[in-house]
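Participant: Please find the sequence and the predicted model below.
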Amino acid sequence: MSLLETLRKDMFSFSKNGEKDKADILGMAIAEIKNAQINSEKELTEEDIIAVLRKEVKKVNDSIEQYTQMGREDLVEQETVQLDTLNVYLPQLMSKEEIEKVVKSKMEELGVSSMQDMGRLMGTVMKELQGKADGSQVKEVVQGLLK
């Protein structure tokens, strides 16, 4: 069963069981996947669907951050349920140590040693780690190693 089919099946299950928050976030994710498919004018791969889900996770994380700053714990709790629901469908991201190994390897391969080469290094690393690591964490590791 494809990831999209699993999302649909689970959305209906959550809806039947009265788990509105979980059903709503899966419905929004499915809508975003459909939009991405329409925009790309081709059938999305599992990797494409995962990328869409990661964007949704980023949106929810941003909402949690904003609600926390505003002191709205009720909304933080609701968004956290949605975040946990989405994370079930995503593969585990690489740890900082694993990212560091890949970055060091690419630094040697490309002969990179200064911040001037950061763009080239980031491009190469992100191409390899697409969907496996958080881009902001990769950037942090790259900057730390190039100082």
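Facilitator: The structure has been received and is ready for your questions.

Participant: what's the offset of stretch 19-39 from the middle of its chain?
Facilitator: How far stretch 19-39 lies from its chain's middle: 15 Å, per Cα atoms, centre = their mean, to the nearest Å.

Participant: One more: stretch 8-25?
Facilitator: Centroid displacement of stretch 8-25 relative to its chain, using Cα atoms, centre = their mean, is 21 Å.

Participant: For the most centrally placed residue in the chain, which non-adjacent residue is spatially closest?
Facilitator: Nearest residue to the geometric centre of the chain (Cα atoms, centre = their mean): R54, 2.4 Å. Nearest-residue entry for R54: L90, 6.7 Å, with adjacent residues in sequence omitted and distances by Cβ to Cβ, 6 or more residues apart in numbering. Where C-beta positions appear, they are placed from N, C-alpha and C, glycine not excepted.

Participant: circling back to that earlier point, the residue nearest to the centre of the chain and E77: what is the separation?
Facilitator: 22 Å (Cβ to Cβ, to the nearest Å).

Participant: What of I64?
Facilitator: The gap separating I64 from E77 is 10 Å, by Cβ to Cβ.

Participant: T68 too?
Facilitator: For T68 relative to E77 (Cβ to Cβ), the value is 11 Å.

Participant: what's the answer for L26, then?
Facilitator: 18 Å.

Participant: coming back round to it: in three-state terms, how would the residue nearest to R54 be classified?
Facilitator: At L90 the chain is in coil, as set by DSSP: H, G, I helix; E, B strand; the rest coil.
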